[in-house]
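Peer 1: requesting a structural model of the entry that follows:
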Amino acid sequence: MLEQQIGTIESTQADLLTGLNWQGDLPNPPVNDIVVDVVNNQVVLRLNQSGVDIADLHTSYNSASDILTITAASAGDIAYGTNTSGISINNATDAIAVDLRTITGFGGFSVSGGAGRDSIQIGSGGINLGNVSAGAAAQSFSINTGSDINDSILVGYDVSAKGAGSLSFNGDVTLTRDIAVSTGGAISFSSKLNGARKLSLSAGGAISLSGPVGGTAALQGLTFTAASSVAINDALTLDGTGTSGDGLVIGNNVNNVVFSAATGSNARTIRSFSGSGIRFLGGSTGSLLRNITSTNNGTGLRIDPGRYSNSVLTKNFFNSNIGDGILLSGCEGLTDVTPLVAPVLMRAVGVIRPPSIAGGLPGAYAPGEPNAVYTRCTPFGAVLPTA
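Peer 2: Next up, the predicted model:
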């Protein structure tokens with residue numbers, strides 16, 4: 001009898017287990033969108049290989065508790081990795097709390113994508129490591145979206161690193177507001193950079209733009225406020241239609257601003273700015289501006305007083321600008337090989353105007369630049385040809 005009862009019980013258990021659909025009747029385990037680790041004092045956010053949409057990535061800092069909070073809002077969960085001392089995760093608020101009294105050498109954080117499509121949006125408050133008083137003197141921030149061709153980085157708020165920390169964007173970037181990116185270290189954009197907004201870059205180190213700028217949606221202005229060097233290695237399109245101010249602005253004593261050699265796909269066009277298409281705010285040594293078309297601006301090129309030793313303008317076109325084609329004011333040491341067979345070093349005051357408003361002033365037409373005329377220019381090292 002006892003054996004029969006036991007057999008009945010076992011049979012009943014088997015029936016229950018067979019009839020229960022574990023995947024259908026119980027909640028699915030949560031999907032971890034992000035795994036957090038600490039590697040060499042850097043906080044690393046690794047995204048799920050299937051692809052992740054982060055709708056809001058931003059930071060906030062509590063100086064009283066030395067807690068840096070990284071918010072990374074997505075549909076899935078945030079999980080602990082293998083080395084997470086000093087890290088606390090709150091999935092209800094999509095928050096990663098970084099205790100800088102535990103991670104005393106904190107050197108910044110990074111977001112690393114994988115093979116799937118990743119979309120990362122820098123949200124309200126932006127990324128601000130510049131206000132973090134604890135941790136290392138240099139704190140960096142980087143995004144690498146991975147290998148999917150549809151990856152995207154949407155930048156809607158300012159981004160800053162601390163001290164000589166670097167800022168790196170490896171993935172297609174779109175500006176959704178006017179943005180300032182600043183650090184005492186280097187800034188690099190490795191892929192496409194688009195958005196009908198203004199972008200201001202300030203670095204204590206080098207600035208590198210490796211991909212096309214404004215190819216899909218032209219920027220409404222690009223300013224290099226500070227840098228040890230600037231490399232523009234692909235196409236550039238700036239369009240000031242409906243805005244005010246200048247197009248490409250090179251700050252005072254921002255040196256070594258170099259445009260790469262022309263190819264069949266890296267055209268540079270700056271158009272429709274009420275101010276200057278290109279403006280140097282002060283001296284700039286060792287710079288090389290080439291293969292740029294500045295058109296339909298208030299002034300094609302404006303160069304303010306300063307030293308321009310070893311800086312060269314070559315193969316640029318300034319046409320259909322409303323006022324001066326080129327306005328030189330107290331610049332010294334600039335070499336312009338664009339309109340002349342022999343290089344000319346220019347100093348003092350000079351203006352290049354379209355012939356229609358040149359007023360018969362003596363000057364020289366620039367081959368390849370049909371509306372450019374040199375007037376009131378004081379050259380040395382060569383003689384301007386006659387018109």
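Peer 1: quick one, strands of the stretch 1-150 of the chain?
Peer 2: Under the criterion DSSP state E, counting those that start in this stretch, the stretch 1-150 of the chain carries strands at the ranges 32-39, 42-47, 53-62, 67-73, 77-80, 87-90, 95-99, 108-112, 119-122, 127-128, 140-144.
Peer 1: which parts of the protein are helices?
Peer 2: With DSSP state H, the ranges of helices along the chain come out as 2-19, 22-25.
Peer 1: now the first one: average pLDDT?
Peer 2: What that stands for is helix 2-19. Helix 2-19 carries an average pLDDT of 39.
Peer 1: residue 116 versus the nearest residue to residue 48 once chain neighbours are set aside, what's the distance?
Peer 2: The spatial neighbour of residue 48 that comes closest, neighbours along the chain excluded (CB to CB, 6 or more residues apart in numbering), is residue 33 at 5.3 Å. C-beta: built from backbone N, CA, C; applies to glycine. Counting by CB to CB, to the nearest Å, the gap from residue 33 to residue 116 is 11 Å.
Peer 1: do the same with residue 61
Peer 2: Distance, residue 61 to residue 116, using CB to CB: 31 Å.
Peer 1: in the protein, what helix or strand scores lowest on average pLDDT?
Peer 2: In the chain, no helix or strand scores lower on mean pLDDT, DSSP states H and E than strand 378-380, which sits at a mean of 31.
Peer 1: on that earlier part again, could the strands of the stretch 1-150 of the chain go into TSV alongside distance to residue 155 and mean neighbour count?
Peer 2: Formatted as TSV, these follow (distance: least, CB to CB, whole Å; neighbours: other CB atoms under 10 Å):
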stretch	distance to residue 155	mean neighbour count
strand 32-39	19	19
strand 42-47	17	21
strand 53-62	10	18
strand 67-73	15	20
strand 77-80	22	17
strand 87-90	25	16
strand 95-99	20	19
strand 108-112	13	22
strand 119-122	5	23
strand 127-128	9	22
strand 140-144	10	22
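Peer 1: make JSON lines from those strands and add distance to residue 260 and mean pLDDT to it.
Peer 2: As requested, the strands of the stretch 1-150 of the chain are exported to JSON lines (distance: least, CB to CB, whole Å; pLDDT from 0 to 100):
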{"stretch": "strand 32-39", "distance to residue 260": "34", "mean pLDDT": "96"}
{"stretch": "strand 42-47", "distance to residue 260": "31", "mean pLDDT": "98"}
{"stretch": "strand 53-62", "distance to residue 260": "31", "mean pLDDT": "98"}
{"stretch": "strand 67-73", "distance to residue 260": "35", "mean pLDDT": "98"}
{"stretch": "strand 77-80", "distance to residue 260": "40", "mean pLDDT": "97"}
{"stretch": "strand 87-90", "distance to residue 260": "42", "mean pLDDT": "98"}
{"stretch": "strand 95-99", "distance to residue 260": "39", "mean pLDDT": "98"}
{"stretch": "strand 108-112", "distance to residue 260": "28", "mean pLDDT": "98"}
{"stretch": "strand 119-122", "distance to residue 260": "28", "mean pLDDT": "98"}
{"stretch": "strand 127-128", "distance to residue 260": "29", "mean pLDDT": "98"}
{"stretch": "strand 140-144", "distance to residue 260": "23", "mean pLDDT": "98"}
